[in-house]
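Colleague: Next one to model:
(2 chains)
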Protein chains: 2
Amino acid sequence: MRLHEIPTPALVVDLSAMGRNIRRMAEFYAESTCKLRPHFKAHKTPAIARRQLAAGSCTGLTCATVGEAEIVVGEALTNDVLIANEVVGPGKAARVARLARQADVKVAVDSDAGLEDLTRAARSEGVEIGVLVDVNVGLPRCGIAPGAQALSLAKRVAAAEHVRLRGLMGYEGHVVSIGDRVQREAEAKKAMEQLLSTVRIIRRAGLPCEIVSAGGTGTYDITGRIEGVTEIQAGSYVLMDTAYAQLDIPFELAFTVLGTVLSRPKPEVCVADNGHKACSMDHGNPKVKGIEGASVLFLSDEHATIILPPASTIRVGDRIELWPSHIDPTINLHDVIFAMDGDEVVEVWPVAARGYSEHRAPKGPGG
Amino acid sequence: MRLHEIPTPALVVDLSAMGRNIRRMAEFYAESTCKLRPHFKAHKTPAIARRQLAAGSCTGLTCATVGEAEIVVGEALTNDVLIANEVVGPGKAARVARLARQADVKVAVDSDAGLEDLTRAARSEGVEIGVLVDVNVGLPRCGIAPGAQALSLAKRVAAAEHVRLRGLMGYEGHVVSIGDRVQREAEAKKAMEQLLSTVRIIRRAGLPCEIVSAGGTGTYDITGRIEGVTEIQAGSYVLMDTAYAQLDIPFELAFTVLGTVLSRPKPEVCVADNGHKACSMDHGNPKVKGIEGASVLFLSDEHATIILPPASTIRVGDRIELWPSHIDPTINLHDVIFAMDGDEVVEVWPVAARGYSEHRAPKGPGG
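Modeller: Numbering: from 1, shown residues only, chains lettered A, B, ... in the order given. Purely as a prediction, here's the structure:
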């Protein structure tokens, strides 16, 4: 199958560019004591994760949801899984405990309630679940305050049965997108000092702290060089997006949302079928690939209205490719990815961890 | 199953509120010559469409994609289907032609290329496909210019074999969200005058024009009262969203994205698991239901960071409901909808037309 035969809208990946991204990242960590734990949430696609792991320098995979971890373990991608997120409620905790029978599963914890859910589920399943205490290093989201509060929680984790304290996690998500490298570096160091000072406090208290997990694509070569950080949770680097492409990092835009031109209402306008049900816009409009001077005017549910350069010869039925501004939510809109060698589809990969397993319903022919 | 037992994030629908919305809309059109053609793209859910059709005053269903039309016909929801969008390319046109064997299918056309694709597919399948000429009435998207250009295309449709000119369509999407009713009414009339003057030109040329299709939830009682418009394509009214709730229309917010509180990093902050992979934000942040003074600070992929009122007692593990700002892309993120009678789940509905049928892949356990 060729590019122009793919039913649209569709996700297409440039295998060569993706391969270069994976290789560059693996080479960066090859000589380092800090390793890579690629974030599966970015693409939810086993075929991509296999390539990331095969390139080396990886310590396992990072997940954001229990469902992603179930795919990672179910497809035997790796035995070393971090759910870098709080798992709350008896149902989800029980699913983690079941996974812990088969794999070395670690979960982020920032509350006693979360710890209790895990402990109870692990006891009931007769397993041990690994725990990273999630430390807030500045992003206004999850995580316990660094220092005394984190130590106090770490002590309760260490004292609890059926869970094992493995270390700390602190995601500097407020830093990873800062455009200026000097500022990004300064802010990353500030955030990591909060994490690493907590590591020292915890070790001084005689508690184990073998894993110190942090970082993202925007700080892979900053946080990834800070002594004491043992692994980096980068995900976006593998296919990139236009937001991350603004940074001075050596990764290429490796995927697009393919559309078909449905309408040419005016000489300077075309309308394609890759709207925001196929291409997330939470980081802004996508960019048009391969047409100098073209830009997205706006996306609606099923349409992209695109301003064309003067005298554009693009016609109804032609294909148009958009570079998304944000990889994770864009891939989350699709069931499969078309893997391209140039113009040729060489594989079609299921986005296996899209959606919510407990909600999955049987389907007829679809959308 | 009760609300607090639903695995999150999840879509939950208040059956009573939805029922009232459906009834109010059906009553509005009951005495009118203009009818309702509910837009299936808003929810992609057969169980909801069945209720809309059962309430009466409907002339059939509107779809945005061929895949939606396949679900509508495959589940025998109605025999009268309008794909209110351009269908381009031999593959999609062939799918429409196959549907035309079983149902009265009409498609929007605004170009000769689109017309040719349909004609060829219909000839090859030995069927006749209905056509509405799509007239641009001001929204910068699809549609041919009103007047002479539309007439010229209508003549070519009428002259072509295997397609039948059924009428015109003109969607005033640039008007439906205008907050001020007087202005909304003035702009809707201006847009419809473009459509209706084209209707007159076409009829004067001796061509048929039985269907004049327009309108949305924001103009259901404006465009729906303009003489000559035969049907309204409203969709959002059935479950609503916070953007449409700002208008003076009598429909209730009838669905939320349910989440679980994962973290309480500060007294005034909670973080829940209903982020923007579960709740679209193209029309802005969602609103927090049922907690006076609470508001969404920001959504990230898997998290909603929420500012709480002073002395909030909400705890890790509690449920939190968000009212989305935009119905269509939010429902498009989910595989099922939990239909609630108060606190009780009474049905679980497949969002059957989510995704792209031609891309659907077999799955293991998931996300």
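Colleague: What residue spans form the domains of chain A?
Modeller: Taking automatic domain parsing as the domain assignment, the record places the domains of chain A at A:3-9+A:250-354, A:60-229.
Colleague: Need the distance between the two termini of the shortest one.
Modeller: Yep, that's domain A:3-9+A:250-354 we're talking about. Its start and end residues considered, domain A:3-9+A:250-354 measures 24 Å (Cα to Cα, to the nearest Å).
Colleague: Likewise for the longest one?
Modeller: Counting by Cα to Cα, the length from the leading to the trailing residue of domain A:60-229 is 15 Å.
Colleague: Tell me the gap between that domain and the middle of its chain.
Modeller: In terms of Cα atoms, centre = their mean, to the nearest Å, the centre of domain A:60-229 is found 15 Å from the chain centre.
Colleague: ok, is that domain in contact with chain B or not?
Modeller: Yes: residues of domain A:60-229 are located near chain B by Cβ under 8 Å from any Cβ of the partner chain, namely A:64-65, A:67-68, A:70-71, A:74-75, A:85-86, A:88-89, A:91-92, A:110-111, A:113-114, A:117, A:134, A:136, A:140-145, A:173. In this view, the C-beta of every residue, glycine as well, is placed from N, C-alpha and C.
Colleague: Rebuild the domains of chain A as a markdown table, extending it with mean neighbour count and mean pLDDT.
Modeller: Formatted as a markdown table, these follow (neighbours: other Cβ atoms under 10 Å in any protein chain shown; pLDDT from 0 to 100):
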| stretch | mean neighbour count | mean pLDDT |
| --- | --- | --- |
| domain A:3-9+A:250-354 | 21 | 97 |
| domain A:60-229 | 21 | 98 |
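Colleague: Make JSON lines from those domains and add distance to residue B:26 to it.
Modeller: As requested, those are exported to JSON lines (distance: least, Cβ to Cβ, whole Å):
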{"stretch": "domain A:3-9+A:250-354", "distance to residue B:26": "24"}
{"stretch": "domain A:60-229", "distance to residue B:26": "39"}
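Colleague: which one is residue A:331 nearest to, not counting chain neighbours?
Modeller: residue A:43 (5.2 Å; Cβ to Cβ, 6 or more residues apart in numbering or on different chains).
Colleague: Look through chain A and tell me its longest strand.
Modeller: Of all the segments assigned as strand in chain A under DSSP state E, the longest by residue count is strand A:255-266.
Colleague: Show me what that strand is packed against.
Modeller: strand A:10-14, strand A:269-272, strand A:319-323, helix A:327-331, strand B:80-86 (3 or more Cβ pairs under 8 Å, 6 or more residues apart in numbering or on different chains; DSSP states H and E).
Colleague: quick check, distance from it to the centre of its chain.
Modeller: Offset of strand A:255-266 from its chain centre (Cα atoms, centre = their mean): 27 Å.
Colleague: Now do that strand against strand A:319-323: the angle between them, please.
Modeller: In this structure, strand A:255-266 runs at an angle of 130 degrees to strand A:319-323, with axes from the mean of the first three to the mean of the last three Cα atoms, to 10 degrees as the basis.
Colleague: and the direction of strand A:255-266 versus that of strand B:80-86, what angle?
Modeller: Strand A:255-266 and strand B:80-86 are oriented at 90 degrees to each other (the same axes, to 10 degrees).
Colleague: so residue A:150 makes contact with residue A:170?
Modeller: No: applying Cβ atoms under 8 Å as the test, residue A:150 and residue A:170 come out as separate, 9.2 Å apart.
Colleague: what is in contact with these two at once?
Modeller: Here residue A:150 and residue A:170 share the contacting residues A:135, A:198, scored by Cβ atoms under 8 Å, 6 or more residues apart in numbering or on different chains.
Colleague: Give the other helices and strands that the longest helix along chain A contacts.
Modeller: Within chain A, and with DSSP state H defining each element, the longest helix by residue count is helix A:181-204. Of the remaining helices and strands, those touching helix A:181-204 by 3+ Cβ pairs under 8 Å, 6+ apart are helix A:148-159, strand A:163-169, strand A:211-214.
Colleague: how much does that helix deviate in direction from helix A:148-159?
Modeller: In this structure, helix A:181-204 runs at an angle of 50 degrees to helix A:148-159, with the same axes, to 10 degrees as the basis.
Colleague: Can you dump the C-alpha atoms of helix A:181-204 in PDB for me?
Modeller: Backbone C-alpha positions of helix A:181-204 (Å, rounded to 0.1, in the frame of the first residue of the first chain) are rendered in PDB as follows:
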ATOM      1  CA  ARG A 181      18.600  26.200  27.200                       C
ATOM      2  CA  VAL A 182      20.400  28.200  29.900                       C
ATOM      3  CA  GLN A 183      17.100  28.800  31.700                       C
ATOM      4  CA  ARG A 184      16.000  25.300  31.100                       C
ATOM      5  CA  GLU A 185      19.200  24.000  32.600                       C
ATOM      6  CA  ALA A 186      19.000  26.300  35.600                       C
ATOM      7  CA  GLU A 187      15.400  25.400  36.300                       C
ATOM      8  CA  ALA A 188      16.100  21.600  35.900                       C
ATOM      9  CA  LYS A 189      19.000  21.800  38.300                       C
ATOM     10  CA  LYS A 190      16.800  23.700  40.800                       C
ATOM     11  CA  ALA A 191      14.100  21.000  40.500                       C
ATOM     12  CA  MET A 192      16.500  18.200  40.800                       C
ATOM     13  CA  GLU A 193      18.200  19.700  43.800                       C
ATOM     14  CA  GLN A 194      14.800  19.300  45.600                       C
ATOM     15  CA  LEU A 195      14.700  15.700  44.600                       C
ATOM     16  CA  LEU A 196      18.300  14.900  45.300                       C
ATOM     17  CA  SER A 197      18.300  16.600  48.700                       C
ATOM     18  CA  THR A 198      15.400  14.400  49.600                       C
ATOM     19  CA  VAL A 199      17.300  11.300  48.300                       C
ATOM     20  CA  ARG A 200      20.100  12.300  50.700                       C
ATOM     21  CA  ILE A 201      17.700  12.700  53.700                       C
ATOM     22  CA  ILE A 202      16.200   9.300  53.000                       C
ATOM     23  CA  ARG A 203      19.500   7.500  52.700                       C
ATOM     24  CA  ARG A 204      20.700   9.200  55.800                       C
END
